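>>> With the input below, show me the fold.
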Amino acid sequence: MARLNFTAIAPTDASGAKGIALEDIPEDVRLDIEEVYATMKQNPALRMRTPEFGSKQEALGWQTLAAAYCAVRPGGAIAFRRSPTRGLPETQFDFRVTDIKDNGTSAVNQAVEAAKAAAKK
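As a prediction, this is how the structure comes out:
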């Protein structure tokens, strides 16, 4: 089989949620995500559908802000995941907001931090 040649694409400032400060996220987006999160905690099998936005760019902008808020949420980070859907206009999408599952690395990270702190003493 022939080897594939991959091209690395650097993210642009507008394309990713990383680096958006909490104070730069509108209050209505924060409240929307908190409401969705509370609903999904009670009904984990659900997924949410956004209303139709005025444009694809507006929908992607809201998604970026929502994902950014989930990452920097004062009550602890949560996961934002856009769900694959068919048949929706490009100005609307389904998504989920859930707790971040612990894959075992948090215990390892805590042990490393404890070892570093002990080494500094």
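>>> you'd agree residue 64 is up against residue 20?
Yes: counting by Cβ atoms under 8 Å, residue 64 does reach residue 20; the two are 7.4 Å apart. C-beta: built from backbone N, CA, C; applies to glycine.
>>> anything in contact with each of those two?
Common neighbours of residue 64 and residue 20 (criterion: Cβ atoms under 8 Å, 6 or more residues apart in numbering): none identified.
>>> check which helix or strand covers residue 96.
strand 94-99 (DSSP states H and E).
>>> Residue 111 versus residue 30, what's the distance?
From residue 30 across to residue 111, the span is 33 Å (Cβ to Cβ, to the nearest Å).
>>> So for these two, which sits in the more crowded spot?
residue 30 (16 against 10; other Cβ atoms under 10 Å).
>>> host element of the more buried one?
Going by DSSP H and E, residue 30 is in helix 27-42.
>>> what's that helix packed up against?
Here helix 27-42 touches strand 48-49, helix 56-72, strand 94-99, going by 3 or more Cβ pairs under 8 Å, 6 or more residues apart in numbering; DSSP states H and E.
>>> Which residues are in contact with residue 112?
By Cβ under 8 Å, 6+ apart, the contact list for residue 112 is empty.
>>> Helix or strand for it, just tell me which one.
Using DSSP H and E, residue 112 falls within helix 105-120.
>>> Repeat that for residue 81.
Going by DSSP H and E, residue 81 is part of strand 78-83.
>>> Quick check: buried residues in that strand?
78, 80 (16 or more other Cβ atoms under 10 Å).
>>> Distance-wise, check the closest residue to residue 51 other than its chain neighbours relative to residue 115.
Computed as Cβ to Cβ, 6 or more residues apart in numbering, the closest residue to residue 51 that is not its neighbour in sequence is residue 92, at 7.1 Å. Using Cβ to Cβ, one gets 48 Å for the distance from residue 92 to residue 115.
>>> same deal with residue 20?
Using Cβ to Cβ, we find residue 20 at a distance of 32 Å from residue 115.
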